[in-house]
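> Sharing a model that was predicted from the sequence below.
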Amino acid sequence: MNKVYSQIAAELERGEATCVDIVQSYFDRIDRQRDLNVFITLCDRDNVVERARQIDRRLQEGRAGRLAGMVVAVKDAIAIKDVRHTAGSRILQQYVSPYDATVVERMEREDAIIIGKANMDEFAMGSSNENSAFGPVLNPVDESRVPGGSSGGSVVAVAAGMATTALGSETGGSVRLPASFCGVTGLKPTYGRISRYGLTAFASSFDQIGPIANNVADTALLTQCIAGFDELDSTAAPMAVPDFSIDRLRGAQGLRIGVPREYFGEGLDRTVRAAVMKTIDGLAREGAEIVDVSLPHTEYGIATYYILVTAEASSNLARYDGIRYTDRSPGTPTIGAVYTDSRSAGFGSEVKRRIMLGTYVLSAGYYDAFYRKAQKVRSLIKRDFVNLFASGLDCLVAPTSPTVAFQLGERISDPLTMYLSDVYTVNVNIAGIPSLTVPCGQDHRGLPIGIQVMADFFDESMCFRVGEAIERLS
Ligand code: GLN
């Protein structure tokens, strides 16, 4: 059984363990499970142990932070000063970050201990972690299967006991999809809830950092410590962060919970449907009112998402030019050749596909037909959610993924099938609302199934409250 933070805190409190013991035991688990390929870069062991020793001292003096003894894996798209930062790409394989992301600074201020940079799909583009330049991560439940992507390393670090919690990032489901494939909890916060300063940009109007943990309490605690306004990110919202620990325990009784019928149609695996329905019945028994609802523009989600994010990516990734951030290809005589050679050698095929698609939808003759139209559909998808929450619904519940984790290699040569893995996750990102995935069962092979709780803008409290009620059902 993986330890949750309340157990670690209790052991520290009773003097049964020290932070040094805790980090050693996580390093042991990492050493024993190298085959899962979870980390791209591990933090220097001596430095980590030294930091643990300092926190032990602060604990003794009674002045340690709220995350003392929590060991965290950080997706390799989030910057840590003086640590290699690859974003899963060959083009950044030598890059060392000169600064800390805001979330890293906030975690360290609370005495969390960062253990390493987790593997991911290149530039967070993918649903299976097979697009990493550093090789795929394996699903710890069944090593012939993918862990999901793009935050696969972060999720497996938590699922396989190599860290207490992790940070991933979402542009379109990259925390929730792998969390559901590996049986852990993960949050996509409201756009603007958590600072993106220090997160490698993929599609800036979608990107958000998201916490991952073995239970709702730890997910909420980590969110609590990193959320809130940041003057270094102009899109970080100047909103107060409520105390998540109070609302979390209030149960589902009296809540109006919507079940969007578009998330239960064709393509949904029978076993996934059964597990999700059983959970919804459980919420009804707890006294929640279950309401059948519709999000009529759901079916346009995948097309809208893959037009808008590729457009933004094609612009964001222009900065990797062989001159800044990265080594340039040797022997290139002209500036044009520096760009083409460095980018041709440095980017993987999915990233190139996205840059080409994005450039195409933004090009003069096609802008109106694709990009502008997708922006309009984005408004419609967002309005579907806004209307439901305005009608008095407290949250929505739906499967996180239509299937359980698939086999390595099964979808990688068919981009469209891969993109369809995201059918239940991307609309939340298009709209900007928060959504929490929690485990809700397993299929006959023991493969995890996840259910997501979607709530109104900045109502992460509701996600945690209903997520905790679901956790108590099982
Ligand atoms: N599968 C999505 C994509 O490939 C996931 C992106 C993300 O959330 N980072 O774009």
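Arrived safely, thanks for sending.
> all contacts plus neighbour counts: C-alpha atoms, from now on.
Will do.
> Quick one: low-confidence residue ranges for the stretch 201-350 of the chain.
Residues of the stretch 201-350 of the chain that meet the criterion pLDDT under 70 lie in 327.
> Show me where it has its strands.
208-213, 256-260, 289-293 (DSSP state E, counting those that start in this stretch).
> mind checking which of these is nearest the ligand?
strand 208-213 (8.6 Å; CA to the nearest ligand atom).
> Each with direction, which strands does that closest one pair with?
Strand 208-213 pairs in its sheet with strand 165-170 (antiparallel), strand 185-188 (antiparallel), by DSSP bridges.
> Out of the ones you listed, which one sits most buried?
Most buried of the strands paired with strand 208-213, by mean neighbour count (mean count of other CA atoms under 10 Å): strand 185-188, with a mean of 33.
> Check what contacts that one and list those residues.
When contacts are defined by CA atoms under 8 Å, 6 or more residues apart in numbering, strand 185-188 is touched by residues 169-170, 173, 175-176, 179, 208-216, 219, 434-439.
> Which members of those additionally contact the ligand?
Near the ligand, taking CA under 6 Å from any ligand atom as the test, the members of these found are 170, 173.
> Check the contacts of strand 185-188 for burial and list the buried ones.
The neighbour-count criterion (16 or more other CA atoms under 10 Å) marks 169-170, 173, 175-176, 179, 208-216, 219, 434-439 among those as buried.
> what does this protein have sitting close to the ligand?
Counting by CA under 6 Å from any ligand atom, the chain comes close to the ligand at 124-127, 150, 170-174, 422.
> ok, of the residues you listed, which come out buried?
Members of these classed as buried by 16+ other CA under 10 Å are 124-127, 150, 170-174, 422.
> Taking those residues together, which two end up most distant?
The span of these, defined through CA to CA, is set by 124 and 422 at 13.3 Å.
> could you redo the strands paired with strand 208-213 as TSV and give each row mean pLDDT?
Listed next are the strands paired with strand 208-213 as TSV, based on pLDDT from 0 to 100:
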stretch	mean pLDDT
strand 165-170	98
strand 185-188	98
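> looking at these, which is closest to residue 301?
Counting by CA to CA, residue 301 lies closest to strand 165-170 out of the strands paired with strand 208-213; the figure is 15.5 Å.
> one step back: of the residues of the chain next to the ligand, which is the nearest to residue 340?
residue 125 (20.8 Å).
> Would you tell me which helix is longest in this structure?
Assignment by DSSP state H gives helix 373-390 as the longest helix of the chain.
> average pLDDT across it?
Computed over helix 373-390, the mean pLDDT rounds to 98.
> wait, residue 81 sits on residue 99?
Yes: using CA atoms under 8 Å, residue 81 makes contact with residue 99 at a distance of 4.2 Å.
> In strands, which of the buried ones among the residues of the chain next to the ligand appear?
Mapping these onto strands (DSSP state E) picks out residue 170.
> Contacts only, for residue 283.
Counted by CA under 8 Å, 6+ apart, residue 283 has contacts 252, 469-470.
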